[in-house]
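Participant: just the structure for this:
(2 chains)
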Amino acid sequence: GNSVTQMEGPVTLSEEAFLTINCTYTATGYPSLFWYVQYPGEGLQLLLKATKADDKGSNKGFEATYRKETTSFHLEKGSVQVSDSAVYFCALSRSYGNKLVFGAGTILRVKS
Amino acid sequence: DVKVTQSSRYLVKRTGEKVFLECVQDMDHENMFWYRQDPGLGLRLIYFSYDVKMKEKGDIPEGYSVSREKKERFSLILESASTNQTSMYLCASSSTTGYTFGSGTRLTVV
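Facilitator: Predicted structure coming up:
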């Protein structure tokens, strides 16, 4: 079946450090891939998405590239801020609009 | 502003009670979903529906049922609440244009 594996946290970084959160997936065909973010006490928000191989999703300085050959969708940001502290979820859907399969989530803590 | 509304933000129920969690969307989306969120486990799909009066089991349907009598409303039912159903419950809707999540209901079963 379809599944998503993301790196365990928590990840603790100093402000302005480089961020990578690894995400790999198992799925048949060409799923759509997503990163969602959940800030403390808030709901789930879409951070970025990619719907086909080699697509790069980007938003708020975050980027992720859909790599079919390595079945990966790693999240990166060049310089994190304290306000980026949140839980980040990688997810996939077999086709856009269908059910989402989520990873376990990675807690990011950024220190000033 | 389009949205998914969950009826309660916090709920405390007793073991054995029948619990209803309501979700309403105003986007005319065909698809609706119920997830539960637990630390270290991410979001796990309980039930979903791709049309009115249609429902399909997700990954963890045991102890739950759902109802979708109207397109905009998708209800999650805990037939006899147990302490291991204490969790955050998230409703979502989608179409080919994207997904929208509700704010969640934090349910505590005592």
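
Participant: could you pull out the strands in chain A for me?
Facilitator: With DSSP state E, the ranges of strands along chain A come out as A:3-6, A:11-14, A:19-21, A:23-26, A:32-38, A:44-50, A:56-59, A:62-65, A:75-77, A:86-93, A:101-102, A:106-111.

Participant: can you tell me the closest non-neighbouring residue to residue 56?
Facilitator: Using chain A here. residue A:65 (4.7 Å; CB to CB, 6 or more residues apart in numbering or on different chains). (Each C-beta comes from the backbone N, C-alpha and C, glycine too.)

Participant: sorry, should have said chain B
Facilitator: Closest to residue B:56 by CB to CB, 6+ apart is residue B:48, at 5.6 Å.

Participant: the one you found contacts residue B:54, correct?
Facilitator: No: the criterion here is CB atoms under 8 Å, and residue B:48 misses it with residue B:54 at 9.3 Å.

Participant: the two - which one has more neighbours?
Facilitator: Higher neighbour count among residue B:48 and residue B:54: residue B:48, with 23 against 11, using other CB atoms under 10 Å in any protein chain shown.

Participant: state the pLDDT value of the more buried one.
Facilitator: We have a pLDDT of 97 for residue B:48.

Participant: show me what contacts it?
Facilitator: Taking CB atoms under 8 Å, 6 or more residues apart in numbering or on different chains, we find residue B:48 in contact with A:99, B:31-34, B:55-56, B:58.

Participant: redo that, cut-off 7 Å
Facilitator: Shown in contact with residue B:48 (CB atoms under 7 Å, 6 or more residues apart in numbering or on different chains): A:99, B:31-33, B:56, B:58.

Participant: just the buried members of the residues you listed?
Facilitator: When the contacts of residue B:48 are checked for burial by 16 or more other CB atoms under 10 Å in any protein chain shown, the buried set is A:99, B:31-33, B:58.

Participant: chain B: strands as residue ranges?
Facilitator: B:4-6, B:10-13, B:19-21, B:23-25, B:31-38, B:42-49, B:56-57, B:64-70, B:73-78, B:87-95, B:98-101, B:105-109.

Participant: just give me the lowest mean pLDDT stretch among the ones you listed.
Facilitator: Taking the mean pLDDT of those, strand B:98-101 comes last: a mean of 90.

Participant: OK, contacts around the residue positioned nearest the centre of chain B?
Facilitator: Geometric centre of chain B, nearest residue: residue B:34, 3.3 Å, by CA atoms, centre = their mean. By CB under 7 Å, 6+ apart, the contact list for residue B:34 reads B:46-47, B:66, B:74, B:76, B:89, B:91.

Participant: quick one: name the residues of chain A near chain B.
Facilitator: Counting by CB under 7 Å from any CB of the partner chain, chain A comes close to chain B at A:43-44, A:46, A:89, A:96-97, A:99-100, A:102-105.
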